[in-house]
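# below is the structure, and that's it, no one-letter string:
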């Protein structure tokens, strides 16, 4: 009887194609969360940092950092989707749909859009589309992710394999709904801290974000708790000390947030993360690691019907204990260099 | 002259029976405190996590976590009551009386309700009833605690011994004033993250809360400072490094908060801590420890005149560096097993 | 092309006398920042801790801690002024001009008021007057600082030397504009936690603030990020581990904040830091250090036209890993004793 009430998460055979899961724990994000996010990562994008700046260009007030929203929604999905995950395999088609302001309450719902048992019959891949909603029921964020999940019972029958085909990249016409029309004349780039606007970036350009940030155990734990993410590997040194790495693993989203904050230095006006086309946590990070980052501009796009903002598709690469000079990435096709921990393909919006 | 102005706290002979002490430093708790509390412990009870959820069932907005209120009031009492304490001996008759919302300012007053010098004449036990008030003068929390306090002067005369008899448990009819009448139909247990309501728990049932949380020095220091708790043993490695344990001691309230947050996994709808009947910090905890927890249902009670909520009396046991499987507790009567750090008897309220 | 967009800060030869620099990243400070500041330092001054207390004496609500305002404005100046600094040499003429409340947005502007190349031709001293403004364009803080900055090119021509003469101390008639007229009768010193008012302090008096606070790496990093201070030495163990100290350096402002918070114990009613006459970071501090503090009353002053408040000029001394008993300071003229890390000359306001 005792074990019945504590939750042990879903196993591969608990998922069915088309299943909809309403995730628990609605969460009101506040200026308190924004302050802690600032203390953890020090983003310097003016729009999220200043109510006055945000209002001057057309927001109601400073919106919350896009990644705070992402992590909060992602965190809700963990107890249902990935508590028994062996690996987070990928993200795709992640789109930020509406600004989220302090005081907004977030909920999350996921739909199972693919299932494929692995040949070892011990695990399988679950594909979900997760959506975050505000308390007016409006979607604020949507993303696909796929995770490798353990089976409870090796003998459980395999579902018919069904693998979705997420888009390789979000189309530019799907970008921008989380940014109101910007009063361009009011956008003070000297206050934003960079002169470089959409027209100043070219595909192929690479930017070393220069700074490094050392990550303490207390910091990644506080971040990951702030998102109510319950994945055990981030919090329990007693068990992880005996595990494969001998240490707690840093939630991959913490590395994304650090790299994004570091990217201010070189992309200071690219204040909105509009979409994540795909992402790969190449290697784990640990407390004590120093994270560096660099970006490559992959593509530029106009936004249909908008002249205020343009889109830059960037590859954001994070490294541990290795500076970004020389832009380390691959040794061979699909073989990452030592030190690469994150390879993220994302659309940023930046004033034109 | 120099020493006169810095405060050294009260010694046993400074207390008199019936004495009332108005504690210093009124404190406005805000959404900022709630966010930091979230980052430190990751509670997932929907009522405290979401304004929208809280409003839907009858609150004005998300109330602050009961233990944040407790710690803030407790912290105010420390400079006057326990700065020269050798040991915190116990709590009793702790009742949460009104919801506390972000923006409320808390004050605290204590009355000395018992005094008993120890036979060694070097210390004595001080019993106080402490009450926290909001800025409208309404009591929000009341509790008895007793501490062993040093004498300044061994030769100071002993007071007539007077030992109060706190109730072994708070009576059910005293519970619930901090919870408005709940619109039961609006309480969405799937959003709260658990199907189990009052009727689903039985006395004798034990629940392993499963997860473990490693506690960093920076985390417990930040928590304890957030409560303006000035007890020196939590903050000063320079002196504690030469002390009995060679390390800073973790404020016992931090362990209570971790255990309470972990207890969500198995008691997810028991969103309100209504009373603490008694508590014992069985052993100290330190930075680096991993805390686990389990609960036993001791008793069930209806609340007079209320059909929305019921009460569960639980024993909440926290362990360090030892999982809760097997429900470790006692080796022998009153002899705790290795690893037990907290044994807390509390009333929880949960929808019926 | 790659290096062009990430910022490397100004070098000595980039500054010109009279130059005005509008710093980037406007920042709205909120109750979230106040809560994190509380968690990091635990100040206990009633005015900043309680909206109710602050309103009762004449504020609109609890103002933000003066040092939080200082650090936020200082942080903005770092990317332009001191990213290539070898040393922060001094502060002077720092005056707090208006209360800053949660919700206010801060901007910062600096003017170069002095330049002097060093004889080695590799560095020079830059003197700036920095001003913080709220979003109504009102100055809230002004200070002079001077830093030794590297030259990019040793051969770059030296500017005509120009060295300003900051006042040795701020004149009392310049103090107090950040404190509204106080309703003295409403100021409850028992709630503030100290009986000692302006009349109770005498020049020459020294106060041991008694407590010690150990500083963790995660704490000083979170503090310094909260201020968006980008100085690399505070965050990057990967490079600092190979540097002069083998460790990250703690931002000197963190030590000031700890010492100021500790000074509550002995100066509990001195709730406003009105001016910093001068300050010297005598030696660096590191994660793991325990900070102690003591104060000497240097001078008392009335405030022209005000009978509610008086000024105390204090020397605030912080020590690492050494208690303040005995008031350690100098071994010889201008030679500090082992353990002294901060020597700060400041005006405090305190009710009369």
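It's in. Keep in mind that this is a model prediction, so the values were computed, not measured. Numbering: from 1, shown residues only, chains lettered A, B, ... in the order given.

# use CA for all of it now, contacts and neighbours both
OK.

# where does the stretch 201-350 of chain A come near chain B, residue by residue?
Along the stretch 201-350 of chain A, the residues adjacent to chain B under the rule Cα under 8 Å from any Cα of the partner chain are A:217-218, A:221-228, A:232, A:235-238.

# of the residues you listed, which ones also sit close to chain C?
A:217, A:218.

# least confident of the residues of the stretch 201-350 of chain A next to chain B?
Ranked by pLDDT, those bottom out at residue A:232, which has 93.

# what distance do you get for that residue to residue A:125?
20 Å (Cα to Cα, to the nearest Å).

# which one's more surrounded, those two?
residue A:125 (24 against 18; other Cα atoms under 10 Å in any protein chain shown).

# so the more buried one makes contact with residue A:112?
No - between residue A:125 and residue A:112 there is no contact under Cα atoms under 8 Å: 10.8 Å.

# show me the helices in chain A, by range?
A:2-5, A:31-41, A:46-49, A:51-57, A:66-81, A:189-192, A:217-226, A:237-240, A:252-262 (DSSP state H).

# need those helices in a markdown table (columns: distance to residue A:25 and mean neighbour count).
Formatted as a markdown table, these follow (distance: least, Cα to Cα, whole Å; neighbours: other Cα atoms under 10 Å in any protein chain shown):
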| stretch | distance to residue A:25 | mean neighbour count |
| --- | --- | --- |
| helix A:2-5 | 17 | 15 |
| helix A:31-41 | 16 | 26 |
| helix A:46-49 | 25 | 27 |
| helix A:51-57 | 28 | 21 |
| helix A:66-81 | 7 | 23 |
| helix A:189-192 | 35 | 18 |
| helix A:217-226 | 13 | 26 |
| helix A:237-240 | 26 | 20 |
| helix A:252-262 | 19 | 23 |
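
# worst average pLDDT in those?
Note on the helices of chain A: helix A:2-5 shows the lowest mean pLDDT, a mean of 64.

# from the rest of the structure, what touches stretch A:317-332?
A:206, A:208-210, A:212, A:255-256, A:259, A:285, A:289-295, A:336-337, A:339-344, C:238 (Cα atoms under 8 Å, 6 or more residues apart in numbering or on different chains).

# check these for burial and list the buried ones.
Among those, those classed as buried by 16 or more other Cα atoms under 10 Å in any protein chain shown are A:206, A:208-210, A:212, A:255-256, A:259, A:285, A:289-295, A:336, A:339-344, C:238.

# among those residues, name the ones in strands.
Judged by DSSP state E, the subset of these located in strands is A:206, A:208, A:290-295, A:336, A:340-344.

# just checking: which of these also lie near chain C?
A:206, A:208, A:290.

# what sits closest to the second one if chain neighbours are left out?
Going back to what we said before, that points to residue A:208. Leaving aside its sequence neighbours, residue A:208 sits nearest to residue A:294 (Cα to Cα, 6 or more residues apart in numbering or on different chains; 4.6 Å).

# my read is that the one you found contacts residue A:263, right?
Yes - contact criterion Cα under 8 Å: residue A:294 and residue A:263 qualify, at 7.1 Å.

# now for those two: what residues contact both?
Counting by Cα under 8 Å, 6+ apart, the residues touching both residue A:294 and residue A:263 are residue A:209.

# residue A:153: neighbour count?
By other Cα under 10 Å, 13 other residues sit near residue A:153.

# same check, this time on residue A:331
Residue A:331 sits with 10 neighbouring residues when counted by other Cα under 10 Å.

# list the contacts of the closest residue to chain C within the stretch 1-150 of chain A.
Relative to chain C, the nearest point of the stretch 1-150 of chain A is residue A:32 (3.7 Å; Cα to the nearest Cα). Residue A:32 is in contact with B:31, B:32, B:33, B:34, B:35, B:36, C:30, C:31, C:32, C:33, C:35, counting by Cα under 8 Å, 6+ apart.

# wait, which of these is closest to residue C:281?
Set against residue C:281, the nearest of those by Cα to Cα is residue C:33 (25.0 Å).

# residue A:35 is in contact with the closest one, correct?
Yes - counting by Cα under 8 Å, residue A:35 is a contact partner of residue C:33 at 5.3 Å.

# and the ones in strands among the buried ones among the contacts of stretch A:317-332, which two are furthest apart?
Across those (Cα to Cα), the longest gap, 20.8 Å, separates A:206 and A:290.

# state the distance from the closest residue to residue A:62 other than its chain neighbours to residue A:242.
Excluding the flanking residues, the one nearest residue A:62 by Cα to Cα, 6+ apart is residue A:51, at 4.4 Å. Distance from residue A:51 to residue A:242, counting by Cα to Cα: 47 Å.

# likewise for residue A:299?
44 Å.

# tell me which of those two has more neighbours.
Neighbour count, other Cα under 10 Å: between residue A:299 and residue A:242, residue A:299 has more, with 16 against 10.

# so what's the more buried one up against?
By Cα under 8 Å, 6+ apart, the contact list for residue A:299 reads A:202, A:203, A:312, A:313, A:314.

# show me which of these is closest to residue A:151.
Nearest to residue A:151 among the contacts of residue A:299, with distances taken as Cα to Cα, is residue A:314, at 36.5 Å.

# does that closest one touch residue A:295 like I think?
Yes - the criterion here is Cα under 8 Å, and residue A:314 meets it with residue A:295 at 6.3 Å.
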